[in-house]
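> Just a sequence and a predicted model for now, questions to come.
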2 protein chains.
Amino acid sequence: MASPETQSSTALLTDHYELTMLASALADGTGDRPCVFEVFARRLPDGRRYGVVAGTARVLDAIADFRFTDAEITQLATTAVVDDATLAWLADYEFSGDIDGYPEGELYFPGSPIMTVRATFSEAVMLETLVLSILNHDSAIASAAARMSAAAHGRPIIEMGGRRTHEWAAVAAARSAYLAGFATTSNLEAGRRYGIPTRGTVAHAFMLLHDTEEDAFRAQVEKMGADTTLLVDTYDITQGIETAVRVAGTELGAIRIDSGDVGVLARKAREQLDSLGAKDTRIVVSGDLDEHAIAALRAEPVDAYGVGTSVVTGSGAPTASMVYKLVEVDGKPVAKRSENKASRGGRKSALRRHKPTGTALEELVFGADAPPAAQPHDRELPIELMRGGQPVEGLPTLDDARQRLRQGLVSLPWEGLKLSHGEPAIPTVFPEEQR
Amino acid sequence: MASPETQSSTALLTDHYELTMLASALADGTGDRPCVFEVFARRLPDGRRYGVVAGTARVLDAIADFRFTDAEITQLATTAVVDDATLAWLADYEFSGDIDGYPEGELYFPGSPIMTVRATFSEAVMLETLVLSILNHDSAIASAAARMSAAAHGRPIIEMGGRRTHEWAAVAAARSAYLAGFATTSNLEAGRRYGIPTRGTVAHAFMLLHDTEEDAFRAQVEKMGADTTLLVDTYDITQGIETAVRVAGTELGAIRIDSGDVGVLARKAREQLDSLGAKDTRIVVSGDLDEHAIAALRAEPVDAYGVGTSVVTGSGAPTASMVYKLVEVDGKPVAKRSENKASRGGRKSALRRHKPTGTALEELVFGADAPPAAQPHDRELPIELMRGGQPVEGLPTLDDARQRLRQGLVSLPWEGLKLSHGEPAIPTVFPEEQR
């Protein structure tokens, strides 16, 4: 059995039914019909004002690795998932279609056409599960992280939640948090893979390993210099700060408080540090922080936040609920008609309309061939991502995505940045339904 | 940049601070101190009655791959995470310690010593992040899945949530759900990697691809035989069922309903199927089901459930909140003393005490060297997992874990299986604190 890390194909990271659909569609010829699939979210997580697109670059990478090598074909043959004709088709599979979509870091709202995949049914249906896994996870994390970044109001946040989520989800979560404005991550693989700056000093275990707190501080300062972060809450915080400054001097970089009422403790710590002459020593707080806790600490003398569980679990919304729906076959719109899940057929595009001041007014989602009359301050949202199965040149980088999100958040009406439950920051308008 | 799947080392799936702690501990000699680290959960997710241990086998695999190859060393050197002496130590790193723990499928409660790692500080501290990532994720999913299995009361559940979580988390989630009693999964990689039976037929896209519902049903039955599952809710369910039976005959395997009030629809569908002579055609329901929805459907004529989002996101508890704490150094207990996070020092073991009827009474957690006087119906909980860095022979299989969980759930007091919020099903008792 291969380990997850020694396997280069992403092709089995998919649902059984994608292959059985393929088998039937190849057999009756419908598999060759040109189709359009659209990724969108019917709603935002309960009470959220906006969502943040993330994962697009990972999707494009995963599609490049979506190949059925001998190992995958053998597995499918052994377990009789599909017939030999389908296996032969899969062995040659290579996505050759076109993909457009919202760039990473773009805001989205209910119904925004976040990604549009154009190819034959057979080629496009195969990508459903993988595309959704990546976008649903990464966008959920980025959407939560953006709220935390906004609540931190410019103070840096370090992502340190890797231990609270699947070991590879942790790497993608660090990427999404960075995209959404976090300053650094604790995750070394995210550092390697995405060039995100990593940070870390010590845990309580390091303190307990040593015979005294002073021994532990000395060992750390000896190795990392005085410009390190000493963890002062293992025993008694007041004593810990006193010892920390005695050991590291007033050049001590920072202290970290990971437990207790961190707001009160930060205030006391600031006073004590100042009185000891360590006026430039920063205060880092961590321990079950979420966007609400961060906002509540705004008035306290906190210099940086460490955030773990809440960001990697999407702060109550661990998935973005995006779906991948067939909206067009042979150039004609199609849509399911049943009780609680209305869908809109047809290939779509979108633009965001703004006031002259730059404040966003509404998300317009329209038939791709019927754009509304342009107005000043409209901004077209989807970009070209893939043509003929190849990523287009010059796709936005992770830093571009950070920048895009910063600008997007600035453009929201002020209610849109509130952390409380409410309606989406701007309405999604489908002009064709208003005629 | 390597893709996640072409990289064999798990060593960077870890936090920066594990390495900076290591560097300091190697420098001052404390890194050689024999230590015991313990994995436990301070509490269960809000209102839950029990937790289910899962991920242990994945932890042992990941430890075997926890090696710093040239690629990892180069990355750490380039980013100056640690000094050359530490890099040299890492290049030779291979875990050589002992691990004991609760076997997969075992129930756990607040304070249960789920895993105990014994090694030098340097060797053991390195594993913290990876061990927690796996156990926190996999146990969260298994704990939610077990509630769903119990609510389904013997009816099979298919796991189909891969699209709602990170693409590799999806594979582990399928494993955890199967461990917790799910019958099958849609995830093909979980089929390959863990031998879990996979299932799937078609999505609404397949229905919409065809000119008519009848065309789609014909294509599917042609390819997969009459013993397939036809999706009848794309347009009108009553019409869909009529067409399904007309096309497939009364031998039709099953219908699936994925939207609407599935309880009411299942009842109507059963009547209609029976009236059409398709008395053995099963009814599969899906669409935003969780343990509460499954329980509410108990009286309805439903033959199987498809569960997605709720199981892969832990049904409101996406992480198990387990921690990896240093509890012993040089044979002496250690523990952090600060405001809101009391910890118990010392290496521990545990047993579960039962009534003569087999009903569980309490979880006893005690110093490993001071077991309480044995009583009949006590069951020791931890098993040996690793000795000298090697997995012990004959570790439990995934099927063993399924079996163990079934037995564990039967042993709970009846309140312990209630889905409503409440206290843990049995109390955790620390006999040494009662003296």
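Alright, I've got the coordinates. Computed from a prediction, not measured in an experiment: that's the story for all the values here.
> what's the helix or strand for the residue of the stretch 51-200 of chain A found nearest chain B?
Closest contact between the stretch 51-200 of chain A and chain B, by CB to the nearest CB, is at A:Gly200 (3.0 Å). C-betas here are computed from N, CA, C, even on glycine. Using DSSP states H and E, A:Gly200 falls within no helix or strand.
> Where does A:Ile134 sit, in terms of helix or strand?
helix A:128-152.
> Same check on A:Ile283?
For A:Ile283, the element it lies in under DSSP H and E is strand A:282-285.
> And the contacts of that strand?
A:158, A:229, A:253-258, A:262, A:265-266, A:269-270, A:273, A:297, A:301-306 (CB atoms under 8 Å, 6 or more residues apart in numbering or on different chains).
> after that strand comes which helix or strand?
Downstream of strand A:282-285, the first helix or strand assigned by DSSP H and E is helix A:291-296.
> so how far is that following helix off the chain centroid?
Centroid separation between helix A:291-296 and its chain, computed with CA atoms, centre = their mean, to the nearest Å, is 20 Å.
> Pull out the buried positions in it.
For helix A:291-296, a neighbour-count test (16 or more other CB atoms under 10 Å in any protein chain shown) marks A:291, A:293-295 as buried.
> cool, stretch A:47-64 as well?
A:48-64.
> I'd like to know the average pLDDT value across it.
Averaged over stretch A:47-64, pLDDT sits at 97.
> quick one: is that stretch near chain B?
Yes: looking at stretch A:47-64 against chain B by CB under 8 Å from any CB of the partner chain, the contacts come from A:61-62.
> Now for the nearest residue to A:Ala77 once chain neighbours are set aside: which residues touch it?
Nearest non-adjacent residue to A:Ala77, counting by CB to CB, 6 or more residues apart in numbering or on different chains: A:Leu87, 6.0 Å away. A:Leu87 makes contact with A:68, A:73, A:76-77 under the criterion CB under 8 Å, 6+ apart.
> Check what pLDDT A:Glu159 gets.
pLDDT, A:Glu159: 98.
> one step back: after the helix holding A:Ile134, next one along is what?
The element immediately downstream of helix A:128-152 (helix or strand, assigned by DSSP H and E) is strand A:157-159.
> In terms of pLDDT, where does A:Leu395 sit?
Confidence at A:Leu395, expressed as pLDDT, is 98.
> hey, where'd the helices end up in the stretch 101-250 of chain A?
A:121-125, A:128-152, A:169-179, A:188-194, A:204-209, A:213-224, A:237-248 (DSSP state H, counting those that start in this stretch).
> winner for burial among the ones you listed?
helix A:169-179 (a mean of 30; mean count of other CB atoms under 10 Å in any protein chain shown).
> touching chain B at all, that one?
Yes: using CB under 8 Å from any CB, a contact is recorded between helix A:169-179 and chain B, made by A:169-172.
> and the angle for that helix with helix A:128-152?
Angle of helix A:169-179 versus helix A:128-152, following axes from the mean of the first three to the mean of the last three CA atoms, to 10 degrees, is 50 degrees.
> Break chain A into its domains for me.
What the record gives for chain A is the domain set A:4-141+A:320-434, A:153-316, from automatic domain parsing.
> In JSON lines: the ones you listed, plus distance to B:Ala374.
Compiled in JSON lines, the domains of chain A are given as follows (distance: least, CB to CB, whole Å):
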{"stretch": "domain A:4-141+A:320-434", "distance to B:Ala374": "42"}
{"stretch": "domain A:153-316", "distance to B:Ala374": "32"}
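> winner for burial among these?
When these are scored by mean count of other CB under 10 Å, the highest mean neighbour count falls to domain A:153-316 (a mean of 21).
> circling back to that earlier point, now the residue of the stretch 51-200 of chain A closest to chain B, what are its backbone angles?
When quoted as degrees, to the nearest 10, the phi and psi of A:Gly200 stand at phi 170, psi 150.
> Point out where the stretch 301-435 of chain A drops to low pLDDT.
Within the stretch 301-435 of chain A, the stretches with pLDDT under 70 are A:338-343, A:434-435.
> quick one: the helices in it?
Secondary structure of the stretch 301-435 of chain A (DSSP H, counting those that start in this stretch): helices located at A:309-312, A:398-411.
> Now do stretch A:358-376: distance from first to last residue.
Its first and final residues considered, stretch A:358-376 spans 10 Å by CA to CA, to the nearest Å.
> same thing with stretch A:367-384?
First-to-last residue span, stretch A:367-384, CA to CA: 17 Å.
> got the contact list for that stretch?
Under the contact criterion CB under 8 Å, 6+ apart, stretch A:367-384 has outside partners A:98-103, A:106, A:112-113, A:116, A:346-356, A:358, A:363-364, A:366, A:392, A:396, A:431-432.
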